[in-house]
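Visitor: here is a sequence with its predicted model. Questions after.
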Amino acid sequence: MHDGDSTKQIAALQENIRRHGRRLGFSAIGFARAEPGAAVDRLRAWLAAGRHGEMDYMARHFDLRAEPQRLHPGTLSVISTAIDYLPHREAGQAGDRAAISRYAQGRDYHKVVRQRLQKLADVIAGEIGPFGYRVFSDSAPVMEVEFARQAGLGWRGKHTLLLSREGSWRFLGEIYCDLPLTPDAPADEHCGRCTACLDACPTAAIVAPYEVDARRCISYLTIELAGAIPEALRPLIGNRIYGCDDCQTCCPWNRFARLGDPDFAARHGLDSASLIDLFNWTEAAFDTRLAGNPIRRIGHERWLRNIAVALGNGPATVDAENALKTRADHPSALVREHVGWALRRLAENRGKA
């Protein structure tokens, strides 16, 4: 399929792509030009303000985000996709239970989404012959939310995530390709005057509508940050040990969200595990049980760091204190410091009781 093809042929191809995409489990598929537009200037300003924290790759790969052709030469269009992942509708966990972001309770979405995108690309090639493409799912410098917005899959919510009439519990994926596809119309925005996500953020990381300071975001603090979590923010983290869903759970549009693909169902009890049980995992158990799960990327050291903070924020029980003491002499200075902080906090809370 190259430049001489008619509009009718392009339209038929795009309808076939949507049809095959639905068969592969995609909830929505749309098309956009490979031009991020004004979003590039917003990203540049966000980086200049330092709001990306220690995520140096955001600045290092800025040019690749701004110019898709640098990432994949010959790219003309973006096929943007979404897959529902909501594993359950349960409310937040009690203080002695681990709160883990719902996207990370099941299989690693990076692999699942990319595998399905590859199958979709294979189907397209089967229909039109070889074409230039590359598939992504949060796996390269791609302005995913912007292309999804342009492709009509939703709008950028005030929490900066993609939001649609079916909510925000969705993984995004893209195919950069050299096909001259017809772009879809962007979706209208429907946040109105609502500020639920800003009001719900435990650390006030959503500093203004459509603007997040990653340095305060619990997802950043528990996943991206390699060193010590700032002490002033630790009490605000509560029992969240990997990510945070608060800005999504409060969103009125998520009342209409559907339960997600079975591939992302919670595994290993991550939707209801106790903090103490998870803190007791050895490094070998961590690696084994979290194989094929995105949490494994942070490593056992950060896992213990995060759970230590959560235990310090939880009930001041003998069991919690004893669990923390088992790691008081841990080889990692990072773990030792956070365990010490948690033990002091439990002692203070016990004294106030």
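Guide: That came through fine. Being a predicted model, the structure only gives us computed values, none of them experimental.
Visitor: not counting sequence-adjacent ones, nearest residue to Gln69?
Guide: Distance criterion Cβ to Cβ, 6 or more residues apart in numbering; nearest residue to Gln69, sequence neighbours excluded, is Thr75 at 5.2 Å. The C-beta positions use only the backbone N, C-alpha and C, and glycine is treated the same way.
Visitor: what pLDDT does that neighbour get?
Guide: pLDDT recorded at Thr75 is 98.
Visitor: so how far is Thr7 from it?
Guide: To Thr7, Thr75 is 21 Å away according to Cβ to Cβ, to the nearest Å.
Visitor: what mean pLDDT does stretch 57-67 get?
Guide: In this model, stretch 57-67 has a mean pLDDT of 96.
Visitor: returning to what we had before: what is the burial count for the residue nearest to Gln69?
Guide: By the criterion of other Cβ atoms under 10 Å, Thr75 has 21 neighbours.
Visitor: and if you look at Arg149?
Guide: Number of residues near Arg149 (other Cβ under 10 Å) recorded here: 23.
Visitor: can you give me phi and psi for it?
Guide: Backbone geometry at Arg149, expressed as degrees, to the nearest 10, gives phi -60, psi -50.
Visitor: do the same with Arg170
Guide: phi -140, psi 140.
Visitor: can you check Arg107 too?
Guide: Here is the backbone geometry of Arg107 (degrees, to the nearest 10): phi -70, psi 160.
Visitor: now do Thr222
Guide: Dihedral angles for Thr222 - degrees, to the nearest 10 - are phi -100, psi -10.
Visitor: go on, Ser274?
Guide: Torsion angles, degrees, to the nearest 10, at Ser274: phi -80, psi 150.
Visitor: that one touches Ala99, doesn't it?
Guide: No: using Cβ atoms under 8 Å, Ser274 is not in contact with Ala99, being 11.7 Å away.
Visitor: if we can go back for a sec, ok, the residue nearest to Gln69 touching Pro36?
Guide: No: using Cβ under 8 Å, Thr75 is not in contact with Pro36, being 11.7 Å away.
Visitor: list the contacts of Gln118.
Guide: By Cβ atoms under 8 Å, 6 or more residues apart in numbering, the contact set of Gln118 is Val135.
Visitor: how far does the host helix or strand of it sit from its chain's centre?
Guide: Secondary structure assignment for Gln118, by DSSP states H and E: helix 109-128. Centroid separation for helix 109-128 versus its chain: 21 Å, with Cα atoms, centre = their mean, to the nearest Å.
Visitor: buried stuff in it?
Guide: 109-110, 112-114, 116-117, 119-121, 123-124 (16 or more other Cβ atoms under 10 Å).
Visitor: who's more crowded, Ser274 and Ala99?
Guide: The neighbour comparison of Ser274 against Ala99 (other Cβ under 10 Å) goes to Ala99, with 23 against 18.
Visitor: run through the stretch 1-150 of the chain and note the low-pLDDT ranges.
Guide: 1-5, 91-93 (pLDDT under 70).
Visitor: tell me the strands in it, going along the chain?
Guide: Per DSSP state E, counting those that start in this stretch, the stretch 1-150 of the chain carries strands over the ranges 28-33, 77-84, 99-100, 133-136.
Visitor: picking that back up, quick one, what contacts the residue nearest to Gln69?
Guide: 34, 68-69, 132, 134, 176-178.
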